[in-house]
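Trainee: Please work out how this folds:
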Amino acid sequence: MNAPLFKHEAVLLKKILTLLPPSLQNEYTNLNDKTISSTQKKWMLDATFGAGGHTQAILKEYSSVSVIALDCDSSAIEWGKKNIKPHFPKQSLNLIHANFHSYSDLTENCFSLFLKNTGFDIIIVDLGVSSPQLDQAERGFSFYKEGPLDMRMDRTKTFLARDIINSWSETKLTELFYSYGEIYKSARVVKAIIKQRKRASLETTKQLADLIVNTQGWKKKGFHPATPYFLALRLKVNEELKGLKQSLPKMISSLNKNGRIFVLSFHSLEDRIVKNIFKNAHKTEGYNLTKKVILPSREEIKRNPRSRSAKLRVFERI
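Mentor: Below is the predicted model:
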């Protein structure tokens, strides 16, 4: 079906399309010199729908694919229902407000409604913050735009970044920035946070970003000094690393034979988790197709600067 694609560039999309399972790539196969169409339905899980770039491209290319798309951000799901779903056959795109971190519950209470004695042929997990989230100042993800210290991907949750900044002890803040932001010398910034919040609480992204800049200055051109601090806060608010560790092995186990899982990460902590889980699964469940991580080309980075830190790993279940 020729459906118009929303103008959003999904990271490493062309590479993902070239690495889709062979059974999908050969949607039309030759059998005894007769060309036949493969009509067997293939199931794909888009675990982090976002702006739907990967899902749209695959649905547009392969008529045999049906997608279950999850996102913990309800606004992404509502946007997809309004702007993407109408362009595809009714049952080919199923949008669900849910976090892939709850994978066991989803398998039992949600996926079983769609999958009849089968698993997924494709799973895509894009661990980055979506462009709409970054671009909306009120979401609190960007240190360039004035917004509340929020950073929740799922706005039904009540734990915010400002709760961490304004209530955690000096020791806990230091440990957080070390463990989640890989910041080895955060003492000056942490002391400045403690000092500032005694006068008045830190409530906005700009307040925190300016405090970090004023405390430690710019050390690397083009790299905002608040970057690792905001990353650490976001990871903790959304428990992203914990959720990834718990869910990724279960995702691998839910693949069909020769099904493939694609994981896009955007910093070393995530990539390390993915690499180790794939390495362990290689011993028992399948084949790590990307012993060397796949990076975006210079052309893609120039075209889409937000792809510059992306890393793609792919695993095939055998």
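
Trainee: spatially speaking, which residue is in the middle of this structure?
Mentor: For the chain, the residue nearest the mean C-alpha position is L127 (2.0 Å; Cα atoms, centre = their mean).

Trainee: residues in contact with it?
Mentor: Neighbour list for L127: 48, 240, 244, 263-266, 270 [criterion: Cβ atoms under 8 Å, 6 or more residues apart in numbering]. Any C-beta I mention is one placed from the backbone N, CA and C, and that applies to glycine too.

Trainee: Ramachandran coordinates for it?
Mentor: Backbone geometry at L127, expressed as degrees, to the nearest 10, gives phi -90, psi 0.

Trainee: how about stretch 118-137: buried residues?
Mentor: In terms of neighbour count (16 or more other Cβ atoms under 10 Å), stretch 118-137 has its buried residues at 119-130, 133, 137.

Trainee: mean confidence score for it?
Mentor: Mean pLDDT, computed over stretch 118-137, is 83.

Trainee: before we move on, back to that, okay, the contacts of L127 in JSON lines with neighbour count and distance to R298 next?
Mentor: Shown next, in JSON lines, are the contacts of L127 (neighbours: other Cβ atoms under 10 Å; distance: Cβ to Cβ, whole Å):
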{"residue": "T48", "neighbour count": "24", "distance to R298": "26"}
{"residue": "E240", "neighbour count": "20", "distance to R298": "28"}
{"residue": "L244", "neighbour count": "22", "distance to R298": "28"}
{"residue": "V263", "neighbour count": "27", "distance to R298": "23"}
{"residue": "L264", "neighbour count": "25", "distance to R298": "18"}
{"residue": "S265", "neighbour count": "23", "distance to R298": "20"}
{"residue": "F266", "neighbour count": "19", "distance to R298": "18"}
{"residue": "E270", "neighbour count": "20", "distance to R298": "23"}
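
Trainee: ok, those vs M251, which is closest?
Mentor: V263 (8.8 Å; Cβ to Cβ).

Trainee: Look up how far A47 lies from that closest one.
Mentor: Plainly put, V263 is 9 Å away from A47 if you go by Cβ to Cβ, to the nearest Å.

Trainee: tell me, what's touching the two both at once?
Mentor: V125.

Trainee: that older thread, go through the contacts of L127 and flag which are in strands.
Mentor: 263-265 (DSSP state E).

Trainee: Can you tell me the element R188 falls in?
Mentor: Using DSSP states H and E, the element containing R188 is helix 187-199.

Trainee: what packs against that helix?
Mentor: Packing partners of helix 187-199 (3 or more Cβ pairs under 8 Å, 6 or more residues apart in numbering; DSSP states H and E): helix 161-167, helix 170-181, helix 205-216.

Trainee: wait, which of the ones you listed is closest to I58?
Mentor: helix 170-181 (32.2 Å).

Trainee: residues of that closest one that come out buried?
Mentor: 173-174, 176-177, 180-181.

Trainee: CA atoms only: put the helix or strand hosting I123 into PDB for me.
Mentor: Assigned by DSSP H and E, I123 belongs to strand 120-126. Provided in PDB are the C-alpha atoms of strand 120-126 (Å, rounded to 0.1, in the frame of the first residue of the first chain):
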ATOM      1  CA  PHE A 120       7.700 -12.100  16.400                       C
ATOM      2  CA  ASP A 121       9.700 -12.100  13.200                       C
ATOM      3  CA  ILE A 122      11.100  -8.600  13.800                       C
ATOM      4  CA  ILE A 123      11.600  -6.600  17.000                       C
ATOM      5  CA  ILE A 124      12.900  -3.000  16.900                       C
ATOM      6  CA  VAL A 125      14.000  -1.200  20.100                       C
ATOM      7  CA  ASP A 126      15.000   2.400  19.600                       C
END
